[in-house]
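1. Give me coordinates for this.
(2 chains, ligands or ions: 2)
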Amino acid sequence: MREIVIISGKGGTGKTSLTAAFASLAENFVLCDADVDAADLHLLMQPATRHRSDFMGGSKAVINSALCTGCGTCIELCRFGGINDRFQVDAIRCEGCGVCVDLCPVQAIDFQVQRCGEWFISDTRFGPMVHARLGIAEENSGKLVSLIRKESRQLAEERGHDLIITDGPPGIGCPVIASVGGATVLVIITEPTVSGIHDMERVVDLASHFKVTGMVCVNKFDLNLEMTEAIEQLARKRNVALLGRVPFDPVFTRSMVEGKNIFEYGEQTATQEQVRVIWKKIIRSPSMNPLGIVDFKATIQ
Amino acid sequence: MIISVASGKGGTGKTTVATNMALALGEKVELLDCDVEEPNAHLFLKPQITRTEKVETPIPLIDLEKCTACRKCSDICRFNAIAVVGKKVLVFPELCHSCGGCMVVCPEKAIVETGRELGTISYGHRNGIRFINGRLRVGEAMSPPLIRKVRAAADPERVTIIDAPPGTSCPVIAAMNGADFILMVTEPTPFGLHDLRLAVGAVRVLGIPCGLVVNRSDIGDQKVFAYAESEGLPILMTIPFDRRIAEIYSRGKAIVEEMPEWKERFVDLYRKIEALATSRSGASQCVK
Ligand code: SF4
Ligand code: SF4
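-> Ligands and ions are numbered 1, 2, ... in the order given. Reported below is the predicted structural model:
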């Protein structure tokens, strides 16, 4: 099983629009939207849900006021300032550690498992898709990412597909770490701005920390050529493969408004060709073909 | 006064708005970069950094001499961060949430605390503007404790502007909780609007007044304006798409410095926020 995880560090570099475009070029794959915190890929995929499940995350403390004697043990023990002086738990601050639950002398504290979101298996015009919605202001995004990546893998196996394309979250924290482990390659989409380059460097650090191969694509490259070159230089220095450049093209926004990717939108632009070349580079890269065989299925048949 | 600048979707111009508002207001403000996974505000504010310190979170350290392998610590740990295997206690530092439960329940007092590095916090200033940023260590998963430490360093005498991380989950909540006003920066595209709805949902959970800045206001569709109207969200500023602004941004320059006519607009933005945050009607309008 091979998995391409598309990340960016900085948000808004065009990660999801490019993921959607790759869906038109790939074959026999499962799409996975791991940006569970602000999932957008479904807006371009219009998935028809076949299966929905609740995502149960951690638990939160709830104090039963009928049993509470007001001894103050919980307030003293809680390191997160989660309990006020009227012995009520602030659900936003509660970390779900359960220390108060276990050590309350009269067992007045319940520990209730939280429904932190939901996840779906759906059909799209490109094939199956696994996606999720984290509840508003919820925690455990990393856990949900791990869950839907596992489900994507299982679904791909069932369908006899050997490729997963995953739209990852921004940043370098918990959901990103959960997206990166075990990926075949990380496709890093950046933009030629001081923040783009700064954030890309952090993601490259993350890729090497977790020993996953990274590749870089510069989106909106013509907004600042000097910065594009600086990014490419940095990529060479860091031994990260360069996939190519995509111009700043309003066709991305126009097709997004229509709920389509740039290949479906029906406007011929040079950008399409560039995206095609980038996709070929990804799919034919040595990391994606560990035995040096490009068409593995054809070889073993 | 604490203003948290958030967005839901990343890349909508949160940092641009936060840094330019800080530069337009000058001396009386401080800028806290709480986007600790990808801190960028310093690239535009260009502060002089005077001090950087490492920040840690406590994790258990087991004294194997005293430990009797009673398993009380592993029983209380909800995060599988401590395990007893035979006669040995194993700690998995990266899973620990620093609740201290294991230390409290250990009957042999065999647990003390050491630290796991979360990242660093830097302090600096530029033209009298105080600047603080957090920078998460690469490989560290938990950003909220670091964000809370950056917030704790705020100076209550100043107007605090927070550059929040994107999204709607715990790191954003850590950067918004307790603020007096949330300024949402969005763009009029389907992705922008979808993520804005989620972010507004999060703000309503917290019950804090909020308002909008629509960036690149002339691209995409115009649905965000209808949404704002129907939800009673005041639009406090619009910034049209301008290749000059995009270019200024790409080089790490501030709009208020390169195009001085914008300075008054950012001062005006702050005045509107101040009025909304302090007037009861403004607050109820957004909170619902
Ligand atoms: S479960 Fe932990 S964080 Fe929540 S209120 Fe109890 S002690 Fe505090
Ligand atoms: S401090 Fe809490 S989370 Fe960390 S090992 Fe001890 S019980 Fe587990």
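2. Would you mind listing what in the stretch 51-200 of chain B touches ligand 1?
-> residue B:99 (Cβ under 6 Å from any ligand atom). C-beta coordinates here come from the backbone N, C-alpha and C atoms, glycine included.
3. all strands for chain A, in order.
-> With strands called from DSSP state E, chain A shows them at A:2-7, A:29-33, A:48-63, A:109-124, A:127-134, A:163-167, A:185-190, A:213-219, A:241-246.
4. CSV please, covering the ones you listed and showing distance to residue A:234.
-> Putting the strands of chain A into CSV (distance: least, Cβ to Cβ, whole Å) gives the following:
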stretch, distance to residue A:234
strand A:2-7, 16
strand A:29-33, 28
strand A:48-63, 37
strand A:109-124, 35
strand A:127-134, 32
strand A:163-167, 24
strand A:185-190, 10
strand A:213-219, 9
strand A:241-246, 10
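5. Let me have these in TSV, extended by distance to ligand 2 and mean neighbour count.
-> Formatted as TSV, the strands of chain A follow (distance: least, Cβ to the nearest ligand atom, whole Å; neighbours: other Cβ atoms under 10 Å in any protein chain shown):
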stretch	distance to ligand 2	mean neighbour count
strand A:2-7	28	25
strand A:29-33	29	27
strand A:48-63	12	16
strand A:109-124	14	17
strand A:127-134	22	24
strand A:163-167	29	24
strand A:185-190	29	28
strand A:213-219	31	25
strand A:241-246	39	19
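6. TSV for these, including distance to chain B?
-> Converted to TSV, the strands of chain A look like this (distance: least, Cβ to the nearest Cβ, whole Å):
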stretch	distance to chain B
strand A:2-7	11
strand A:29-33	12
strand A:48-63	7
strand A:109-124	9
strand A:127-134	6
strand A:163-167	12
strand A:185-190	11
strand A:213-219	11
strand A:241-246	15
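7. can I get the ones you listed in a markdown table with mean pLDDT?
-> Formatted as a markdown table, the strands of chain A follow (pLDDT from 0 to 100):
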| stretch | mean pLDDT |
| --- | --- |
| strand A:2-7 | 97 |
| strand A:29-33 | 97 |
| strand A:48-63 | 95 |
| strand A:109-124 | 95 |
| strand A:127-134 | 96 |
| strand A:163-167 | 98 |
| strand A:185-190 | 97 |
| strand A:213-219 | 97 |
| strand A:241-246 | 96 |
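8. Quick one, which of those strands gets closest to residue B:224.
-> Residue B:224 lies closest, by Cβ to Cβ, to one member of these: strand A:127-134, at 20.4 Å.
9. between that closest one and strand A:29-33, how many degrees?
-> Here strand A:127-134 points in a direction 10 degrees away from that of strand A:29-33 (axes from the mean of the first three to the mean of the last three Cα atoms, to 10 degrees).
10. For strand A:127-134, list the C-alpha coordinates in PDB.
-> Taking Å, rounded to 0.1, in the frame of the first residue of the first chain, the C-alpha atoms of strand A:127-134 are listed here in PDB:
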ATOM      1  CA  GLY A 127     -13.900   6.500  -6.200                       C
ATOM      2  CA  PRO A 128     -14.200   6.000  -2.500                       C
ATOM      3  CA  MET A 129     -13.400   8.700   0.100                       C
ATOM      4  CA  VAL A 130     -12.900   8.600   3.800                       C
ATOM      5  CA  HIS A 131     -13.500  11.900   5.600                       C
ATOM      6  CA  ALA A 132     -14.400  13.300   9.000                       C
ATOM      7  CA  ARG A 133     -15.700  16.200  10.900                       C
ATOM      8  CA  LEU A 134     -14.200  17.000  14.300                       C
END
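11. helices or strands next to that strand in the packing?
-> Other elements packing on strand A:127-134 under the criterion 3 or more Cβ pairs under 8 Å, 6 or more residues apart in numbering or on different chains; DSSP states H and E are strand A:29-33, helix A:42-45, strand A:109-124, helix A:141-159.
12. Please name the residues that touch residue B:122.
-> When contacts are counted by Cβ atoms under 8 Å, 6 or more residues apart in numbering or on different chains, residue B:122 touches B:42, B:49, B:51, B:52, B:53, B:131, B:132, B:133, B:135.
13. Could you grab the helix/strand/coil label for it?
-> Look at residue B:122: counting by DSSP: H, G, I helix; E, B strand; the rest coil, its state is strand.
14. Pull up the per-residue confidence for it.
-> Among the per-residue scores, residue B:122 shows a pLDDT of 98.
15. so it bridges to which residues?
-> residue B:52, residue B:133 (DSSP bridges).
16. domains in chain B, as residue ranges please.
-> The record, using automatic domain parsing to delimit domains, assigns chain B the ranges B:2-53+B:118-286, B:64-109.
17. okay, how far is it across the last one, tip to tip?
-> In other words, domain B:64-109. Chord length of domain B:64-109, first to last residue, is 11 Å (Cα to Cα, to the nearest Å).
18. How about that domain and ligand 2, any contact?
-> Yes - residues of domain B:64-109 contacting ligand 2 under Cβ under 6 Å from any ligand atom: B:76, B:77, B:79, B:81, B:82, B:96, B:97, B:98, B:99, B:100, B:101, B:102.
19. can you tell me which residues contact the second one?
-> By Cβ under 8 Å, 6+ apart, the contact set of residue B:77 is B:101, B:102.
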